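Engineer: need a 3D model of the following:
(chains A and B)
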Amino acid sequence: DGGITQSPKYLFRKEGQNVTLSCEQNLNHDAMYWYRQDPGQGLRLIYYSQIVNDFQKGDIAEGYSVSREKKESFPLTVTSAQKNPTAFYLCASSMGLGSYEQYFGPGTRLTVT
Amino acid sequence: QQPVQSPQAVILREGEDAVINCSSSKALYSVHWYRQKHGEAPVFLMILLKGGEQKGHEKISASFNEKKQQSSLYLTASQLSYSGTYFCGTERVEAAGNKLTFGGGTRVLVKP
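Structural biologist: Reported below is the predicted structural model:
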């Protein structure tokens, strides 16, 4: 079955530690995205990539970093510089940027204490 | 830049209708609609690419008024399965590549 996988589903970290969230897709999609969702809020774009070895900052990129070394993979690192990292993180992919349906992974709930 | 959705929440009885609106202050290229069940990932409903175009998904349809920079989602004869949070995503043309900006969501609860 084609789809997007994110791991782990739940992640707990101590303040001051960097943490990397995994996102893998086997849909052969060119574009991938990372969103952050806070309780009762919409989706805010962190980073996006339309091709391997290229990515762009979204609306709330500060304190986050990404890499796109393979078409299938788009890991997100939440650094210690992110002031309020506790949130639900969603990865998505699409055939291209813009007017294409985005497919979302199941999400990772990160709690930093 | 975030589109504004209204209402923020709506409670329906099964079989009733509802309208969710999405407004942007910027010119739009397209509008996407997604539904998210509690604790799950958002699921795509439809994309509207042209002004005035209407599309449908089951008994859920939508319109896009390009001039008014607005889109509306129509839930007709609502079913229990329609419960969830509905998000609109507005697409703008940008030099680095078009991207979506999502609204804050509209919570829909359909009761028996």
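Engineer: which part of chain B gets nearest to chain A, residue-wise?
Structural biologist: Across chain B, no residue is closer to chain A than residue B:98, which sits at 3.1 Å (CB to the nearest CB). C-beta coordinates here come from the backbone N, C-alpha and C atoms, glycine included.
Engineer: hang on, that residue packs against residue B:90?
Structural biologist: No. Contact criterion CB atoms under 8 Å: residue B:98 and residue B:90 do not qualify, at 10.4 Å.
Engineer: of those two, which one has the most company?
Structural biologist: For residue B:98 and residue B:90, the more surrounded residue by other CB atoms under 10 Å in any protein chain shown is residue B:90, and the numbers stand at 27 against 17.
Engineer: now do the contacts for residue A:64.
Structural biologist: The neighbours of residue A:64, taking CB atoms under 8 Å, 6 or more residues apart in numbering or on different chains as the test, are A:34, A:46-47, A:76-79, A:82.
Engineer: same question, residue A:16
Structural biologist: By CB under 8 Å, 6+ apart, the residues touching residue A:16 are residue A:80.
Engineer: tell me the confidence at it?
Structural biologist: On the pLDDT scale, residue A:16 is placed at 90.
Engineer: centroid-nearest residue for chain A?
Structural biologist: By CA atoms, centre = their mean, chain A has its centre lying nearest to residue A:34, at 2.9 Å.
Engineer: residues in contact with that one?
Structural biologist: Residue A:34 makes contact with A:21, A:23, A:45-48, A:58, A:64, A:66, A:74, A:76, A:89-92, according to CB under 8 Å, 6+ apart.
Engineer: go with 10 Å
Structural biologist: Listed by CB atoms under 10 Å, 6 or more residues apart in numbering or on different chains, the contact set of residue A:34 reads A:21, A:23, A:44-49, A:55, A:58, A:60-61, A:64, A:66, A:74-76, A:89-92, A:105.
Engineer: helices - which of these land there?
Structural biologist: With helices taken from DSSP state H, there is no overlap with the contacts of residue A:34.
Engineer: list buried residues within these.
Structural biologist: When the contacts of residue A:34 are checked for burial by 16 or more other CB atoms under 10 Å in any protein chain shown, the buried set is A:21, A:23, A:44-49, A:55, A:58, A:61, A:64, A:66, A:74-76, A:89-92, A:105.
Engineer: number of residues surrounding whatever residue of chain A ends up closest to chain B?
Structural biologist: For chain A, the residue closest to chain B is residue A:98, as judged by CB to the nearest CB, at 3.1 Å. Around residue A:98 there are 20 other residues, counting by other CB under 10 Å.
Engineer: beta partners of residue B:111?
Structural biologist: Beta bridges link residue B:111 to residue B:13, judged by DSSP bridges.
Engineer: dihedrals phi and psi, residue B:81?
Structural biologist: Here is the backbone geometry of residue B:81 (degrees, to the nearest 10): phi -70, psi -10.
Engineer: where does chain A have low pLDDT?
Structural biologist: Residues of chain A meeting the criterion pLDDT under 70: A:1.
Engineer: near chain B, which residues of it are found?
Structural biologist: Contact residues (CB under 10 Å from any CB of the partner chain) of chain A with chain B: A:4, A:6, A:31, A:33, A:35, A:37, A:40-45, A:48-51, A:54, A:56-59, A:88, A:90-92, A:94, A:96-107, A:109.
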